[in-house]
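Chemist: sequence and predicted model, in that order:
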Amino acid sequence: MQIGAVKRVRLGELPTPLQEMANLEKVLGGPRLFIKRDDLTGLGTGGNKLRKLEYALAEAMELGATAVVTTGAVQSNHAQLTTAAANRLGMKTFLILKGDKPHQPSGNLFLDRLLGVEEIRYVAVPSDSGKEEFESLLQNEVDRLMAELRKRGEVPYYIPNGCKAIHGALGYAGCVYEIVGQLRAMNLAPNYIVTACGTSGTQTGLVLGSILYGQGEIKVLGMSVSEKRDKL
Ligand SMILES: Cc1ncc(COP(=O)(O)O)c(C=O)c1O
């Protein structure tokens with residue numbers, strides 16, 4: 001599924017399965033509940049970032065990028081999946097992670113290294129700095145690394161943590177297209193889509209997809225996993 005003329009590169013095994021949660025329905029006494037298995041996208045350990053990366057990395061390729069720079073927490077799923085995706089497309093990955101370098105790499109950090117990440121830099125979180133100050137420290141490190149890479153002859157492409165909102169929106173509008181089609185094959189139509197909401201790219205895409213493919217019948221409910229309602 002292609003939205004307009006925006007470039008997309010295929011990275012995942014899509015569509016992902018849509019499974020009915022029969023036991024949970026029984027416990028709750030209805031309604032019918034389905035889960036979209038975006039953990040089964042077939043690259044790295046899966047997750048919602050893949051649909052976004054299909055657009056972000058298509059843009060990177062169009063710009064002739066040789067390297068991808070991104071940020072995230074030390075155990076970031078986004079950083080791990082970006083490394084896997086950039087690998088597949090023959091680009092190097094440089095990670096700037098928030099926090100101290102752990103003594104032993106474990107979990108996603110171990111996977112980043114196994115996937116052959118080119119370099120990892122750490123930006124320690126100062127105990128006395130506010131969120132905005134820390135974000136500007138992080139951005140300075142990104143700018144420094146981008147400049148260094150350009151000097152070395154690389155063409156670096158920067159992906160903000162969780163990807164640009166536009167790439168999330170395109171990726172998750174496509175997800176609604178899949179959901180509507182999968183339910184239509186069962187003679188059903190969705191009336192609610194519930195999602196986790198961090199940067200809100202996923203939710204924005206679900207809203208866009210609901211408008212494009214849901215005939216005004218789908219409500220999208222986001223559950224914030226970080227900020228309070230007034231900050232989102
Ligand atoms: C599984 C999953 N879905 C959705 C989200 C929301 O992502 P975002 O709002 O950053 O697009 C997250 C992250 O917070 C997540 O881990």
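Modeler: Yep, that arrived.
Chemist: who's in contact with the spatially most central residue of the chain?
Modeler: When CA atoms, centre = their mean is applied to the chain, the residue found nearest the centroid is Lys49 (2.1 Å). Lys49 makes contact with Asn77, His78, Leu81, Thr82, Gly162, Cys163, according to CB atoms under 8 Å, 6 or more residues apart in numbering. Heads up, the C-betas are built off the backbone N, CA and C, glycines and all.
Chemist: any idea how far Tyr55 is from Val6?
Modeler: 7 Å (CB to CB, to the nearest Å).
Chemist: who has more neighbours, these two?
Modeler: Tyr55 (23 against 12; other CB atoms under 10 Å).
Chemist: any idea how far the residue nearest to Glu20 when sequence neighbours are not counted lies from Asn187?
Modeler: Excluding the flanking residues, the one nearest Glu20 by CB to CB, 6 or more residues apart in numbering is Phe34, at 5.4 Å. Plainly put, Phe34 is 14 Å away from Asn187 if you go by CB to CB.
Chemist: for those two, indicate the residue with more neighbours.
Modeler: Phe34 (18 against 6).
Chemist: OK, contacts around Gly116?
Modeler: Per CB under 8 Å, 6+ apart, neighbours of Gly116: Thr83, Asn87.
Chemist: look up phi and psi at it.
Modeler: phi 90, psi 30 (degrees, to the nearest 10).
Chemist: ok, it to Asp128 distance?
Modeler: 36 Å.
Chemist: got the residues of this structure near the ligand?
Modeler: When proximity is defined as CB under 6 Å from any ligand atom, the chain approaches the ligand at 47-48, 162, 168, 195-203, 225.
Chemist: among those, which ones are in strands?
Modeler: Thr195, Ala196, Cys197 (DSSP state E).
Chemist: ok, now how distant is the second one from Asn140?
Modeler: Put plainly, it is Ala196. 29 Å.
Chemist: all strands for this structure, in order.
Modeler: 18-20, 34-36, 67-73, 92-98, 119-123, 156-159, 192-197, 219-224.
Chemist: so can I have a markdown table of those showing mean pLDDT?
Modeler: A markdown table is the format used below for the strands of the chain (pLDDT from 0 to 100):
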| stretch | mean pLDDT |
| --- | --- |
| strand 18-20 | 98 |
| strand 34-36 | 98 |
| strand 67-73 | 97 |
| strand 92-98 | 97 |
| strand 119-123 | 97 |
| strand 156-159 | 98 |
| strand 192-197 | 96 |
| strand 219-224 | 96 |
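Chemist: low pLDDT regions in this structure?
Modeler: 1-4, 129, 232 (pLDDT under 70).
Chemist: residue of it nearest the ligand, please.
Modeler: Per CB to the nearest ligand atom, Gly198 is where the chain lies closest to the ligand, at 2.8 Å.
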